[in-house]
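Colleague: Show me the folded form of this:
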Amino acid sequence: MTTQNTGLLHGLKVIEMSHIMAAPTCGQMLADMGADVIKVERAPAGDDTRRFGEGTDGDSAAFAMMNRNKRGLAVNTKSEEGRAALHRIIAQADVFIENYRKGAMEHFGIGWEEMHKINPRLIYCSVSGFGRTGPYAERGGFDLITQGMSGIMSITGEGPGRPPIKVGAPITDITAGILSATGILGAVVSRYETGQGQYVDSSLYEAGIMHTFWQTAIYHATGEIPEPMGSAHPLSAPYQAFPTKDTSLVVGAANQSTWLKFVEAIDSPHLAEDPRFETSNSRMTNLDALVETLTEILSHRTTSEWLVKLEAGGVPAGPVYDVKEMSEDPHTIARGMIAKVPAATGGEHSVIAHPVKYSADPTSIRRGAPLMGEHSREVLAEFGFADDEINSLIDSGAIIEPAATAKAAE
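Modeller: Okay, the predicted model is just below:
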């Protein structure tokens, strides 16, 4: 861990007024790239993620996962002084990110229209369940709901007629956060040309729709409604998981040349001449027969034995890992994807590291997730508040800082 910030976005001031997952993911992507991200939490409760799982004083592993590299500011938004202080800070920022229900920011006096008048260079990003326009704009949104409505749950599961299945990971939340960061970066580039900020509007619903590329293409081309296929691919085979002698193996023989390599690697070259499996289209038409045939063959060796043969034959394949196995895989370690950050209350947390590598401006983890309001005093001072103003705001309860921080400042 380093305290030095030399990232791509060094100098970019970001105010993230967020809770749970989508906006915190967005802020973390920017923070990892060097932006100065200040996480604003509403006092007294703060971000609900602090109470997910085990933790001390709101310092949970779940909160640490999405809030490293940020500084913490806690504001009592029921207080007129607290709202005024928040307004003053956002007016000096480069980027503002929020993921509350429509109308909440306007209620606090920090809506897009108001802040754009005061700070025309401000890039203002709203991450919501369904976006800020359209018939569902007033609805709250959660990953489960948007997985259902975006079509994802209709194509996830063991097969037709089976109950709909949610993807295990909260993919609409995470994807919405990543897409929001992408949108913000696009707006930053645009601002270099125009000098003007803009409103960036992203949603979990649209993030979910993005994951239905193949199925949406199939429906609009054929009129057929895609159904769940287990781990199989809707357009190519074999491209799925197969049971082996001991565990499971995923095979990506997605095109004709790889298929021919695959049948050689599994010592079954005759399958290439079987009319049911000769072409990609015939393999999809006879998918059940193909799966039955390959399952019988692959069940006679262990996953590790097959991986040796398939790798030697140039066939994409891999084991099906659980999270422990993924975390301990040498490639995960070599790519630095699991990192340790200091816990605010002592010890450390394991977090997923930044997933993009840069040659000239590498990302860094400079600090762990903050306690609620841990940097309130520091942030206010940086944004031009005098010492007596800061003391007054904290004494009145408009701004909150942890008891330990307050004691140290005395």
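Colleague: how about the strands in the stretch 51-200 of the chain?
Modeller: Assigned strands in the stretch 51-200 of the chain, in chain order: 55-56, 59-60, 70-75, 95-98, 123-128, 199-203 (criterion: DSSP state E, counting those that start in this stretch).
Colleague: closest one to Lys340 among those?
Modeller: Each of the strands of the stretch 51-200 of the chain has some distance to Lys340 by Cβ to Cβ; the shortest is strand 59-60, at 14.5 Å. In this view, the C-beta of every residue, glycine as well, is placed from N, C-alpha and C.
Colleague: Report all helices and strands that that closest one contacts.
Modeller: If you count contacts as 3 or more Cβ pairs under 8 Å, 6 or more residues apart in numbering; DSSP states H and E, strand 59-60 packs onto no helix or strand.
Colleague: Quick check: neighbours of it in the sheet, parallel or antiparallel?
Modeller: Strand 59-60 sits in its sheet next to strand 55-56 (antiparallel), going by DSSP bridges.
Colleague: what's next to the strand it pairs with, contact-wise?
Modeller: 61-63, 345 (Cβ atoms under 8 Å, 6 or more residues apart in numbering).
Colleague: now stretch 141-155
Modeller: With contact meaning Cβ under 8 Å, 6+ apart, stretch 141-155 is reached by 21, 128-130, 164-167, 170-173, 203-209, 211-212, 215-216, 225-229, 234.
Colleague: Any of these buried? List them.
Modeller: Those of these that meet the buried threshold are 21, 128-130, 170-173, 203-209, 211-212, 215, 226, 228-229, 234, by 16 or more other Cβ atoms under 10 Å.
Colleague: any chance of the strands of the stretch 51-200 of the chain in TSV, with distance to Gln147 too?
Modeller: Shown next, in TSV, are these (distance: least, Cβ to Cβ, whole Å):
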stretch	distance to Gln147
strand 55-56	27
strand 59-60	24
strand 70-75	27
strand 95-98	23
strand 123-128	16
strand 199-203	13
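Colleague: Please convert these to a markdown table, extending it with mean pLDDT.
Modeller: A markdown table is the format used below for the strands of the stretch 51-200 of the chain (pLDDT from 0 to 100):
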| stretch | mean pLDDT |
| --- | --- |
| strand 55-56 | 82 |
| strand 59-60 | 94 |
| strand 70-75 | 98 |
| strand 95-98 | 98 |
| strand 123-128 | 98 |
| strand 199-203 | 98 |
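Colleague: Of all those, which one is nearest Asp329?
Modeller: Set against Asp329 and scored by Cβ to Cβ, those come closest in strand 59-60, at 25.7 Å.
Colleague: contact partners of the closest one?
Modeller: Under Cβ under 8 Å, 6+ apart, the answer for strand 59-60 is 49-54, 343-345, 369, 371.
Colleague: most neighbours, which of those residues?
Modeller: Highest neighbour count within the contacts of strand 59-60, by other Cβ atoms under 10 Å: Ala369, with 31 neighbours.
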